[in-house]
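S.K.: Coordinates for the following, if possible.
(one chain, ligands or ions: 1)
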Amino acid sequence: MAHGRVARPPAPITPGATAAGPDSTEVAAPTAGSTQLPDSGPARSWLPGAPGRRARLAPVNAAASHRALVTAPFRGEGLTTLRGLAHVVLDPWIDQHPVRLLDSDAMAAMVREHDADILVVESDFLNGPAIYDLPLVALGVCRGDPNNVDVARATERGIPVLRAPGRNADAVAELAVALMFAVNRRLVPADRDVHEGQTYRDGSIPYQRYRAWQLAGQTAGIVGYGAVGRALAWRLTGLGMTVLSHDPYAPDATSTLDELLAASDVISMHAPVTPETTDMIGADQFARMKPGAVYLNTARAYLHDDDALVGALASGHLGGAGLDHFRKEHLAPDHPLCSMDNVVLTPHIGGATYDTEANHSKQIADGIATLLAGGRPDNLVNPEVLP
Ligand SMILES: NC(=O)c1ccc[n+]([C@@H]2O[C@H](COP(=O)([O-])OP(=O)(O)OC[C@H]3O[C@@H](n4cnc5c(N)ncnc54)[C@H](O)[C@@H]3O)[C@@H](O)[C@H]2O)c1
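M.R.: Model (predicted):
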């Protein structure tokens with residue numbers, strides 16, 4: 001591969017104002033006790049700040065002495081493990097209608113109400129100081145990038161923060177596969193034809209309208225060869241596709257970006273949003289793709305230039321697109337993408353599986369078990385809080 005490599009990718013950033021779901025990197029503090037999905041917030045890395053006071057940890061047989069408040073969806077083996085470590089109050093945000101996402105003040109009140117010393121969250125916005133003044137022995141954050149908590153402040157206050165990297169890799173990879181098939185075989189218009197009783201449309205039978213080239217034997221290019229990219233790679237290989245990958249930080253990635261764009265029939269985006277990746281797919285990159293190529297983005301819309309994507313589709317250069325994310329988490333119904341039959345749009349549901357919840361539950365519960373036993377979990381974000 002021609003491009004150079006460096007030891008570590010830049011930290012993800014948070015461009016633009018947004019509403020945020022559980023996997024969004026786009027977060028901000030809502031008003032106290034807010035029940036709204038919050039809008040945007042400042043770009044911030046979860047990387048820990050300066051070391052502060054030490055964690056208040058003692059290796060104990062914990063179930064009798066610890067109390068855990070869990071506002072994340074939590075299930076499976078991880079829930080069993082946590083129940084063996086602490087008395088658990090399980091009150092997931094996802095079960096609340098209307099949706100309930102707490103800020104730091106409201107969460108601190110809830111923690112005090114339950115007398116908890118372990119807190120596990122997924123989507124609450126803990127950027128304010130209140131929660132970090134409590135004597136927590138662990139703060140579990142059920143997401144890969146715990147950008148909804150103030151890691152620097154937690155570190156300063158000696159609170160260990162745990163995260164759940166790769167929890168939704170399989171889920172997102174499956175959605176990317178689903179979008180690829182939906183675009184390639186035009187499942188959405190075909191489904192609509194049947195629903196509308198239009199099997200025979202404009203004097204044609206469906207077989208005339210819906211022929212496609214099979215995906216087996218085609219080449220797929222994966223941009224961002226991390227947890228999701230790798231989970232997608234083996235699936236596409238299993239479908240009989242040749243898989244290329246581009247990732248300046250993965251020594252085993254196969255291609256430069258230009259090589260990948262020129263050779264791929266399907267291009268799938270799986271990089272984080274960083275200064276380097278924002279708008280990395282623009283008019284020039286779409287032009288370098290093969291005529292008829294399918295573009296998939298189940299990562300973040302900020303990776304491509306929207307106007308350039310619309311232009312490449314409208315000109316017929318691209319064969320289609322499948323997208324699971326939009327700037328500010330919203331696409332206006334009169335946006336050109338909404339009227340294109342060769343575009344399949346999903347509303348940021350890539351990670352939305354029960355398995356994602358089981359995965360993060362296990363990662364966080366195992367991390368808490370290790371902490372309580374006096375160990376150093378792999379998923380600890382701020383190891384400097386430990387002695
Ligand atoms: N649709 C959803 O619901 C959903 C859910 C989870 C994650 N995501 C998105 O998917 C992205 C990938 O998730 P992941 O768990 O695989 O993250 P990851 O950190 O495991 O992998 C990201 C990869 O991108 C690589 N990368 C960094 N800069 C790059 C560049 N300039 N060019 C190419 N590659 C680059 C990194 O080296 C890393 O290998 C996330 O950043 C997030 O935006 C979406």
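S.K.: all contacts plus neighbour counts: C-alpha atoms, from now on.
M.R.: OK.
S.K.: All the strands of the chain, in order from the start?
M.R.: Assigned by DSSP state E, the chain shows strands spanning 67-70, 87-90, 118-121, 138-141, 161-162, 219-223, 242-246, 266-269, 293-297, 318-323, 343-345.
S.K.: Would you mind giving those as JSON lines with mean neighbour count added?
M.R.: Listed next are those as JSON lines, based on neighbours: other CA atoms under 10 Å:
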{"stretch": "strand 67-70", "mean neighbour count": "24"}
{"stretch": "strand 87-90", "mean neighbour count": "18"}
{"stretch": "strand 118-121", "mean neighbour count": "24"}
{"stretch": "strand 138-141", "mean neighbour count": "28"}
{"stretch": "strand 161-162", "mean neighbour count": "30"}
{"stretch": "strand 219-223", "mean neighbour count": "26"}
{"stretch": "strand 242-246", "mean neighbour count": "23"}
{"stretch": "strand 266-269", "mean neighbour count": "26"}
{"stretch": "strand 293-297", "mean neighbour count": "25"}
{"stretch": "strand 318-323", "mean neighbour count": "25"}
{"stretch": "strand 343-345", "mean neighbour count": "22"}
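S.K.: For these, give me CSV that also has mean pLDDT and distance to the ligand.
M.R.: Rendered in CSV, the data for these read as follows (pLDDT from 0 to 100; distance: least, CA to the nearest ligand atom, whole Å):
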stretch, mean pLDDT, distance to the ligand
strand 67-70, 98, 21
strand 87-90, 98, 24
strand 118-121, 98, 17
strand 138-141, 98, 14
strand 161-162, 98, 16
strand 219-223, 99, 5
strand 242-246, 99, 6
strand 266-269, 99, 8
strand 293-297, 99, 8
strand 318-323, 98, 9
strand 343-345, 98, 12
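S.K.: looking at those, which is closest to residue 99?
M.R.: For residue 99, the closest of the strands of the chain is strand 118-121, at 14.3 Å, according to CA to CA.
S.K.: That closest one: how far from the chain's middle?
M.R.: Chain-centre distance of strand 118-121: 20 Å, with CA atoms, centre = their mean, to the nearest Å.
S.K.: same question, stretch 167-175
M.R.: Chain-centre distance of stretch 167-175: 9 Å, with CA atoms, centre = their mean.
S.K.: now stretch 348-359
M.R.: 9 Å.
S.K.: same question, stretch 100-114
M.R.: 25 Å.
S.K.: how near is the residue lying closest to residue 166 once chain neighbours are set aside to residue 305?
M.R.: By the measure of CA to CA, 6 or more residues apart in numbering, the closest residue to residue 166 outside its immediate chain neighbours is residue 227, 5.5 Å from it. Note on residue 227: its distance to residue 305, by CA to CA, to the nearest Å, is 24 Å.
S.K.: what do you get for residue 278?
M.R.: 9 Å.
S.K.: Same check on residue 336?
M.R.: To residue 305, residue 336 is 14 Å away according to CA to CA.
S.K.: quick one, which of these two is more surrounded?
M.R.: Comparing residue 336 with residue 305 by neighbour count (other CA atoms under 10 Å), the higher total belongs to residue 305, at 18 against 14.
S.K.: For residue 271, give me its contacts.
M.R.: Listed by CA atoms under 8 Å, 6 or more residues apart in numbering, the contact set of residue 271 reads 223-226, 277, 299, 303.
S.K.: Pull the most distant pair out of these.
M.R.: In the contacts of residue 271, two members sit farther apart than any others by CA to CA. They are 226 and 303, at 15.5 Å.
S.K.: Between these two, point out the one with more neighbours.
M.R.: Neighbours per residue (other CA under 10 Å) separate residue 226 from residue 303, with residue 303 holding more: 22 against 19.
S.K.: Can you pull the residues of the stretch 51-200 of the chain lying near the ligand?
M.R.: Counting by CA under 6 Å from any ligand atom, the positions of the stretch 51-200 of the chain adjacent to the ligand are 166, 168-169, 172.
S.K.: so of those, which ones are in helices?
M.R.: 169, 172 (DSSP state H).
S.K.: Identify, from the residues of the stretch 51-200 of the chain next to the ligand, the entry nearest to the ligand.
M.R.: residue 166 (4.7 Å; CA to the nearest ligand atom).
S.K.: List the contacts of that closest one.
M.R.: Residue 166 makes contact with 144, 227-228, according to CA under 8 Å, 6+ apart.
S.K.: wait, doesn't residue 323 sit right on residue 345?
M.R.: Yes. Using CA atoms under 8 Å, residue 323 is in contact with residue 345, at 5.1 Å.
S.K.: just to revisit the earlier point, so can I have CSV of the strands of the chain showing distance to residue 155?
M.R.: Listed next are the strands of the chain as CSV, based on distance: least, CA to CA, whole Å:
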stretch, distance to residue 155
strand 67-70, 20
strand 87-90, 24
strand 118-121, 15
strand 138-141, 11
strand 161-162, 8
strand 219-223, 33
strand 242-246, 35
strand 266-269, 33
strand 293-297, 35
strand 318-323, 37
strand 343-345, 40
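S.K.: and residue 260, what does it touch?
M.R.: Residues counted as contacts of residue 260 (CA under 8 Å, 6+ apart) are 221, 244-246.
S.K.: From residue 242, how far off is it?
M.R.: Taken as CA to CA, the spacing of residue 260 relative to residue 242 amounts to 11 Å.
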